[in-house]
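# below: sequence and its predicted model.
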Amino acid sequence: MPAFKTLDDLTDIAAKRVLVRVDLNVPVAADGKVTDATRIERVAPTILELSKKGAKVILLAHFGRPKGEPVADMSLSLIVSAVNQVLGHKILFASDCIGPEAEQAIAGMKNGDILLLENTRFHKGEEKNDPGFTEALARNGDIFVNDAFSAAHRAHASTEGLAHHLPAYAGRTMQEELEALEKGLGNPARPVVAIVGGAKVSTKIDLLQNLVKRVDALVIGGGMANTFIAAQGIDVGKSLCEHDLADTARKIMAEAEASNCAIVLPVDGVVAREFKAGAANEVVDIDKIPADAMMLDVGPKSVAAVNEWISKASTLVWNGPLGAFEIAPFDKATVAAAKHAAAQTKAGKLTSVAGGGDTVAALNHAGAADDFSYVSTAGGAFLEWMEGKDLPGVSVLIKTA
Ligand SMILES: Nc1ncnc2c1ncn2[C@@H]1O[C@H](COP(=O)(O)OP(=O)(O)OP(=O)(O)O)[C@@H](O)[C@H]1O
Ligand SMILES: O=C(O)[C@H](O)COP(=O)(O)O
């Protein structure tokens, strides 16, 4: 992996103003409570390390998609108490990320203080990576640390632009994430198996095309498997299926063959007539899906085949569940494969890397997430990285190192 600077390269930072880009885009309930603080927990080590070293730690973050103007329920003030709780440290808050409010708050900081600035996306210049806005942000810092891998697919002022104005470093989470991903696909131990599931092929075409060139076996599950099965002339009944993508599916299979990548499709499925928990269901071979039924999970023979591939693999990358895991009993295949991958990892036989919002939820549901080698909190950034795309927030750290 090309080099970038990390906090290990940052010495003598007492009293320095360090602008730290974090991802605080956390889910909140209707009552304003943060329902999953994982992203805050992931950036805590960087923030606390800088604070302990005596820096003035100034946090930059986005929250939601306010489109360049202040929106009350996208104010970062709403998550100050969750950040306090995770850090075990009372942070300061300024109601703007540039201008007099920010400047005054920063002028009042003592060494080791932590200040959260208001949502950077309240300014149009953030998403446009506008030079004037970036300069205004840069004036408030001496050093830039990016710890927001999950926002690194955005070329925004606070994720990309700032690195051109200030000495730039990767934070601990960014560093850990990049090292884990490098193990997953950059320079992985072979054989490498990828599991790609989820609802639709259309959202993951680039991903599938990149993976068939880089992995030894690609397991396709979930709703997207139906499109591949239908493309082989098999009737999938009422299953979720993008019939218009049959050519794309066939092209991906041909590319896989040319690259010596095995495509592993379901050979049986769990079918039901209703998409609801506890719906009457049966297991059928893939060429026997009733015309009035839909496949909501892959069947036991398919799970056995997936688990065999997991057993053979040295590296596993996973995005997307094998079935409609949110509604029992259609979670069985995802749970079984996740547990097997977790056990193989725990036994030291597998490096397992997973990412994607629903994937993380599925692994948590299976009780397997803690035993995976790495579970990324990134959604879009993880996918773009798996697609082999350049992430502007990462590239700039390498370019400027
Ligand atoms: N056979 C199926 N039929 C219909 N829906 C399915 C099927 N299998 C999986 N799904 C649905 O796919 C969805 C998850 O797919 P998705 O591609 O969004 O995963 P992800 O990439 O981990 O998540 P995110 O897009 O949030 O990062 C789930 O809601 C699940 O119910
Ligand atoms: O939630 C995410 O995946 C990141 O915070 C990026 O958010 P965005 O998709 O609104 O840029």
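Perfect, I can see it now. Numbering: from 1, shown residues only. Ligands and ions are numbered 1, 2, ... in the order given.

# and the closest residue to F122 other than its chain neighbours, helix, strand or coil?
Using CB to CB, 6 or more residues apart in numbering and skipping the chain neighbours, the partner closest in space to F122 is P70 (4.7 Å). For glycine as for every other residue, the C-beta is placed from the backbone atoms N, C-alpha and C. At P70, secondary structure determined by DSSP: H, G, I helix; E, B strand; the rest coil is coil.

# quick check: the gap between P70 and G64.
11 Å (CB to CB, to the nearest Å).

# okay, and the common contacts of these two?
Residues touching both P70 and G64 (CB atoms under 8 Å, 6 or more residues apart in numbering): N119.

# whatever residue of the stretch 51-200 of the chain ends up closest to ligand 1: how many residues sit nearby?
For the stretch 51-200 of the chain, the residue closest to ligand 1 is G198, as judged by CB to the nearest ligand atom, at 2.4 Å. Neighbourhood size, G198 [other CB atoms under 10 Å]: 22.

# wait, what's in contact with it?
204, 222-224, 319-321, 356, 358-359 are the contacts of G198 under CB under 8 Å, 6+ apart.

# now with 6 Å?
Residues near G198 by CB atoms under 6 Å, 6 or more residues apart in numbering: 222, 320.

# with L218 instead?
By CB under 6 Å, 6+ apart, L218 lies in contact with 194, 211-212, 261, 263.

# measure the residue of the stretch 51-200 of the chain closest to ligand 1 to G233 for me?
G198 sits 23 Å away from G233, going by CB to CB.

# close to ligand 1, is the helix or strand that contains L363?
Assessed by DSSP states H and E, L363 sits inside helix 357-365. Yes. For helix 357-365, a contact with ligand 1 is found by CB under 6 Å from any ligand atom, at 357-359.

# quick one: the helices in the protein, in order.
Applying DSSP state H to the chain gives helices spanning 38-52, 80-87, 99-107, 124-128, 131-138, 172-181, 205-214, 222-230, 246-258, 300-312, 332-346, 357-365, 380-386, 392-399.

# mean pLDDT for those - can I get that in JSON lines?
Supplementary listing: the helices of the chain in JSON lines, determined by pLDDT from 0 to 100:
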{"stretch": "helix 38-52", "mean pLDDT": "96"}
{"stretch": "helix 80-87", "mean pLDDT": "97"}
{"stretch": "helix 99-107", "mean pLDDT": "98"}
{"stretch": "helix 124-128", "mean pLDDT": "98"}
{"stretch": "helix 131-138", "mean pLDDT": "98"}
{"stretch": "helix 172-181", "mean pLDDT": "94"}
{"stretch": "helix 205-214", "mean pLDDT": "94"}
{"stretch": "helix 222-230", "mean pLDDT": "97"}
{"stretch": "helix 246-258", "mean pLDDT": "98"}
{"stretch": "helix 300-312", "mean pLDDT": "98"}
{"stretch": "helix 332-346", "mean pLDDT": "98"}
{"stretch": "helix 357-365", "mean pLDDT": "91"}
{"stretch": "helix 380-386", "mean pLDDT": "90"}
{"stretch": "helix 392-399", "mean pLDDT": "97"}
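
# highest mean neighbour count out of the ones you listed?
Of all the helices of the chain, helix 222-230 has the most neighbours on average by mean count of other CB atoms under 10 Å, namely a mean of 25.

# tell me the residues of the chain that contact ligand 2?
Counting by CB under 6 Å from any ligand atom, the chain sits next to ligand 2 at 23, 25, 65, 150-151, 154, 379-380.

# which one among the residues you listed gets closest to A304?
G379 (30.3 Å; CB to CB).

# with adjacent residues omitted, what lies nearest to the closest one?
G357 (4.8 Å).

# which residues does the residue of the chain at minimum distance from ligand 2 contact?
Closest contact between the chain and ligand 2, by CB to the nearest ligand atom, is at N25 (3.4 Å). Going by CB under 6 Å, 6+ apart, N25 touches F63.

# mind checking pLDDT for it?
For N25, the model assigns a pLDDT of 94.

# picking up where we left off before, now distance to A30 too, for the helices of the chain, in TSV please.
Shown next, in TSV, are the helices of the chain (distance: least, CB to CB, whole Å):
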stretch	distance to A30
helix 38-52	20
helix 80-87	16
helix 99-107	29
helix 124-128	27
helix 131-138	32
helix 172-181	29
helix 205-214	33
helix 222-230	29
helix 246-258	39
helix 300-312	37
helix 332-346	28
helix 357-365	19
helix 380-386	25
helix 392-399	31
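
# still on that earlier bit, just the buried ones from the residues of the chain next to ligand 2?
Buried subset of the residues of the chain next to ligand 2 (neighbour count, 16 or more other CB atoms under 10 Å): 23, 25, 150-151, 154, 379.

# TSV for the contacts of L218, including distance to N281?
Output for the contacts of L218, formatted as TSV (distance: CB to CB, whole Å):
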residue	distance to N281
A194	28
L211	30
V212	31
C261	32
I263	26
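
# can I get those in CSV with distance to ligand 1?
Converted to CSV, the contacts of L218 look like this (distance: CB to the nearest ligand atom, whole Å):
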residue, distance to ligand 1
A194, 13
L211, 14
V212, 18
C261, 20
I263, 17
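
# count of residues packed around V267?
V267 - counted by other CB under 10 Å - has 16 other residues nearby.

# for stretch 3-22, output the C-alpha coordinates as CSV.
Once non-C-alpha atoms are left out, stretch 3-22 reads as follows in CSV (Å, rounded to 0.1, in the frame of the first residue of the first chain):
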residue,chain,number,x,y,z
ALA,A,3,2.6,5.3,2.2
PHE,A,4,0.7,8.0,4.1
LYS,A,5,1.7,9.8,7.3
THR,A,6,0.1,8.7,10.6
LEU,A,7,0.0,10.0,14.1
ASP,A,8,3.3,8.3,14.7
ASP,A,9,4.8,11.0,12.5
LEU,A,10,3.3,13.8,14.5
THR,A,11,5.6,14.9,17.3
ASP,A,12,5.6,18.0,19.4
ILE,A,13,1.9,18.9,19.0
ALA,A,14,1.3,20.5,22.4
ALA,A,15,-0.7,23.7,21.9
LYS,A,16,-1.0,23.0,18.1
ARG,A,17,-4.5,23.4,16.6
VAL,A,18,-5.3,20.1,15.0
LEU,A,19,-8.3,19.9,12.7
VAL,A,20,-9.6,16.3,12.9
ARG,A,21,-12.1,15.1,10.2
VAL,A,22,-14.3,12.5,11.8
